[in-house]
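Trainee: sequence plus the predicted model coming up.
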There are 2 protein chains.
Amino acid sequence: MPLNRQWLLDHRPLGPAEASNFRLITTEAPALQDAQVLVRHHYLSLDPYMRGRMNDARSYAKPQALGEVMIGGTVGEVVQSRHPQFTEGDQVVGMGGWQEYSVVDASMAGALRKVDASQIPLSYFLGAVGMPGVTAWYGLSRIIEPQAGATVTVSAAAGAVGSAFGALAKSRGCRVVGIAGGQKKCDYVVQQLGFDACVDYKQFDNPAALSQALKAACPDGIQGHFENVGGMALDAVMLRMNPFGRIAICGMIAGYDGQPVPMSFPQLILRERLLVQGFIVSEHMALWPQALKDLSALVIAGKLSPRESVAHGIESAPEAFLGLLKGQNFGKQLVKLV
Amino acid sequence: MPLNRQWLLDHRPLGPAEASNFRLITTEAPALQDAQVLVRHHYLSLDPYMRGRMNDARSYAKPQALGEVMIGGTVGEVVQSRHPQFTEGDQVVGMGGWQEYSVVDASMAGALRKVDASQIPLSYFLGAVGMPGVTAWYGLSRIIEPQAGATVTVSAAAGAVGSAFGALAKSRGCRVVGIAGGQKKCDYVVQQLGFDACVDYKQFDNPAALSQALKAACPDGIQGHFENVGGMALDAVMLRMNPFGRIAICGMIAGYDGQPVPMSFPQLILRERLLVQGFIVSEHMALWPQALKDLSALVIAGKLSPRESVAHGIESAPEAFLGLLKGQNFGKQLVKLV
């Protein structure tokens, strides 16, 4: 069996995550048992939720166990199979973790899913046509539910969720305004992702000032918002929300590292009769097929072709992940292994 | 026509409201025109929302105009009528404002409603069977929607909205836990209003400590919460919310006077997949008949008999209102005029 390099969580961070929290080991992949499949990973996905799992705190999911391979989505190729429905050469998406190979019990529902990469880049099944895309789909179509013509906003607009949100909202006839960090990202959001406007939050040091910039980009106010970040962006958006606006919350990256970030103006929930709802996309698996179908169609039609930040080689995973937490990535953060 | 003493809003508060913001004048009630009715007020209602109207800030309702009679709910008796559907002696509820008499155009839909005070005290149509009661009803049955057996909480539990919320939630088979200021109010909430428990927030100076007390009172966590206040109580409740919990927000009294009060732990909205929704009961008039029917039934059955704080005479209105803003009232705050 092949040698397999693996990143384990070695110890939990106190404050910001650090590269030393992880430990790289090399093992030999175990021989397959009945119904198992050996997958060679082509790409690892790096996502903000992983930071939450590194803590030993009460959360919606169990903490990442110490001394075990870091959790994470993967796409790759079947290299050995003892399961009748999988054959060498099949392209598959799963939760293989931060390692080069994984041995998967393919009889477990949802453990491994074959994908057709003939019209869609393989890596997109970790982004636009994967968990981030479905996350955008759920927040837009199940919480925000905007009418055509409504203005909707999204933070971390240049990221994997934000880019999918923009394409989905445009396809519903909405005006879509992004919030992103830096002029380069904002240019990309408008010129390549097709948003109507994008506001660079790094130009502002307080929610009132950011809110003024949003006012210019959203002259009719904001009817729906998808929150990936929390903190100042959310405060600024709330100052511009229209009556009966809806806010879907799928990320609070600002709060993962260190202290909680308060919501500055909760009285606006009352004043504008807002609905604010948090959700976890993995709790809505029944909706994934519909979401993936919609997202695939957008990619195939050329309406969703987000860029990716690709780190190379298994060694690069921790630094790429820490960069993601600091917003240094530009598009979906991946680690390319093959 | 009778002499009529009226409280006008004289100037807007800078910071906390003060008695000097109001001015008392005496006028003669004007002669009635066609379709008008002269009502002699028996009770004025004093409510926290009035503080918001005193500001000249963007809100869900227009600010109270300067130099005009302060807005407010009233119950009273028709003393003259030029409208065919109203007769001298009818008992009516309306929005007569802070004055002894009002002249009402009874042809305006919803301007004046006859009530049957044979089984329900007249003043209750400003509280348990009025706007506060309907507010509790809407939050409970349209936002929180608890199952029987679920634990629900309410802040300002001894107040007009809180007491109605408790009776309604008990009638649905919930465990109901109040939050109130002071042991006397807590005793009343449990012993007279029939809540399962009540926590005195004044015993605690931070949300974590208040949250520990809520843990003892809510051993199965909190599934639904009705927020009348904002600030520390909301923070503490959020720390105890169960997954998929729902929070109805109808008041942010802590924010009316002075600075906004932040929400300390918005990341819990994500972690527990909460729904947080603000509402204004006057935007849901179609539901009032059903709500008033349910509330009347509880009062007539003896299951909702909240106490009232009664100030006497029109002169007392400003001081009674300022006391309400400071939480000095004990039950629905009224001014008795007759």
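Mentor: Sure thing, it's come through. Residues are numbered from 1 along each chain as shown, chains lettered A, B, ... in the order given.

Trainee: around chain B, pick out the residues from chain A.
Mentor: Contacts of chain A with chain B, taken as CB under 8 Å from any CB of the partner chain, map to A:58-60, A:230, A:234, A:243, A:249-252, A:255, A:260-267, A:269-280, A:283. For every residue, glycine as well, the C-beta is placed using N, CA and C.

Trainee: just the buried subset of the residues you listed, written out for ChimeraX, thanks.
Mentor: To isolate the buried members of the residues of chain A next to chain B in ChimeraX, using 16 or more other CB atoms under 10 Å in any protein chain shown:
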select /A:59,60,230,234,249,250,251,252,255,260,261,262,263,264,265,266,267,269,270,271,272,273,274,275,276,277,278,279,280
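
Trainee: show only the entries of the residues of chain A next to chain B found in helices.
Mentor: A:L234, A:G255, A:Q267, A:I269, A:L270, A:R271 (DSSP state H).

Trainee: quick check on the residue lying closest to the first one once chain neighbours are set aside: phi, psi?
Mentor: The reference is to A:L234. For A:L234, ignoring the flanking residues on the chain, the nearest one in space by CB to CB, 6 or more residues apart in numbering or on different chains is A:E227 at 5.2 Å. As for A:E227, its main-chain torsions (degrees, to the nearest 10) stand at phi -100, psi 120.

Trainee: tell me, how many residues neighbour A:E227?
Mentor: 28 (other CB atoms under 10 Å in any protein chain shown).

Trainee: repeat that for A:G67.
Mentor: By other CB under 10 Å, neighbour count at A:G67 equals 10.

Trainee: hang on, it in a strand?
Mentor: No: looking at A:G67 with DSSP: H, G, I helix; E, B strand; the rest coil, it is coil, so not inside a strand.

Trainee: picking that back up, which pair in the ones in helices among the residues of chain A next to chain B spans the largest distance?
Mentor: Greatest spacing in these, by CB to CB: A:G255 and A:R271 (24.3 Å).

Trainee: what separates the nearest residue to A:V39 once chain neighbours are set aside from chain B, distance-wise?
Mentor: In space, and not counting its chain neighbours, A:V39 is closest to A:G76: 4.6 Å by CB to CB, 6+ apart. Per CB to the nearest CB, to the nearest Å, A:G76 is found 30 Å from chain B.

Trainee: A:G76 in helix, strand or coil?
Mentor: Assigned by three-state DSSP, the conformation of A:G76 is strand.

Trainee: give the contact list for A:A217.
Mentor: A:A217 sits next to A:V177, A:D196, A:A197, A:C198, A:V199 when contact means CB atoms under 8 Å, 6 or more residues apart in numbering or on different chains.

Trainee: with adjacent residues omitted, what lies nearest to it?
Mentor: A:A197 (4.1 Å).

Trainee: pull up the per-residue confidence for that neighbour.
Mentor: On pLDDT, A:A197 comes in at 98.

Trainee: partner residues bridging it?
Mentor: A:V177 (DSSP bridges).

Trainee: can I assume it is in contact with A:Q191?
Mentor: No: using CB atoms under 8 Å, A:A197 makes no contact with A:Q191, being 11.5 Å away.

Trainee: higher neighbour count, the two?
Mentor: Neighbour count, other CB under 10 Å: between A:A197 and A:Q191, A:A197 has more, with 20 against 10.

Trainee: which residues are in contact with that one?
Mentor: A:A197 touches A:V177, A:G178, A:V190, A:A217, A:C218, counting by CB under 8 Å, 6+ apart.

Trainee: that one and chain B, how far apart?
Mentor: 23 Å.

Trainee: alpha carbons of stretch A:218-225, as PDB, please.
Mentor: Backbone C-alpha positions of stretch A:218-225 (Å, rounded to 0.1, in the frame of the first residue of the first chain) are rendered in PDB as follows:
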ATOM      1  CA  CYS A 218     -27.500  50.000  -2.400                       C
ATOM      2  CA  PRO A 219     -29.600  53.100  -3.000                       C
ATOM      3  CA  ASP A 220     -32.800  51.200  -2.400                       C
ATOM      4  CA  GLY A 221     -31.600  49.700   0.900                       C
ATOM      5  CA  ILE A 222     -30.800  46.100   1.500                       C
ATOM      6  CA  GLN A 223     -33.500  43.500   1.600                       C
ATOM      7  CA  GLY A 224     -31.400  40.400   2.200                       C
ATOM      8  CA  HIS A 225     -27.900  39.700   3.500                       C
END
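
Trainee: now stretch A:201-216: buried residues?
Mentor: A:Y201, A:F204, A:P207, A:L210, A:S211, A:A213, A:L214.

Trainee: equivalent analysis for stretch A:14-25, please.
Mentor: Buried, per 16+ other CB under 10 Å, within stretch A:14-25: A:A17, A:N21, A:F22.

Trainee: contact partners of that stretch?
Mentor: A:5-13, A:51, A:54, A:70, A:98, A:257-258, A:314-315, A:317-319, A:321-322, A:325.

Trainee: and which of the buried residues of stretch A:201-216 is nearest to chain B?
Mentor: A:P207 (11.1 Å; CB to the nearest CB).

Trainee: how close does the closest one sit to B:L214?
Mentor: 30 Å (CB to CB, to the nearest Å).

Trainee: where does the stretch 101-250 of chain A get nearest to chain B, which residue?
Mentor: Proximity of the stretch 101-250 of chain A to chain B (CB to the nearest CB) peaks at A:I249, 5.0 Å away.

Trainee: contacts only, for that residue.
Mentor: Residues in contact with A:I249 (CB under 8 Å, 6+ apart) are A:E227, A:G230, A:V276, A:Q277, A:G278, A:F279, B:P266, B:I269, B:L270.

Trainee: 6 Å - rerun?
Mentor: A:E227, A:G278, B:I269, B:L270 (CB atoms under 6 Å, 6 or more residues apart in numbering or on different chains).

Trainee: pipe these into TSV and attach pLDDT per row.
Mentor: TSV is the format used below for these (pLDDT from 0 to 100):
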residue	pLDDT
A:E227	97
A:G278	98
B:I269	96
B:L270	93
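
Trainee: can you count the residues close to A:H41?
Mentor: 26.

Trainee: figure out the helix or strand that it lives in.
Mentor: strand A:36-45 (DSSP states H and E).

Trainee: quick check: mean pLDDT across that strand?
Mentor: 98.

Trainee: so what strands line up beside that strand?
Mentor: strand A:74-81 (antiparallel), strand A:101-105 (antiparallel), strand A:332-336 (antiparallel).

Trainee: which of those strands is buried the deepest?
Mentor: Most buried of these by mean neighbour count (mean count of other CB atoms under 10 Å in any protein chain shown) is strand A:332-336; its value is a mean of 24.

Trainee: got the CA coordinates for that one in PDB?
Mentor: Extracted in PDB, the C-alpha atoms of strand A:332-336 (Å, rounded to 0.1, in the frame of the first residue of the first chain):
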ATOM      1  CA  LYS A 332     -11.700  29.100  -2.700                       C
ATOM      2  CA  GLN A 333      -8.700  27.800  -0.800                       C
ATOM      3  CA  LEU A 334      -7.400  24.400  -2.000                       C
ATOM      4  CA  VAL A 335      -4.300  22.300  -1.500                       C
ATOM      5  CA  LYS A 336      -3.400  20.500  -4.800                       C
END
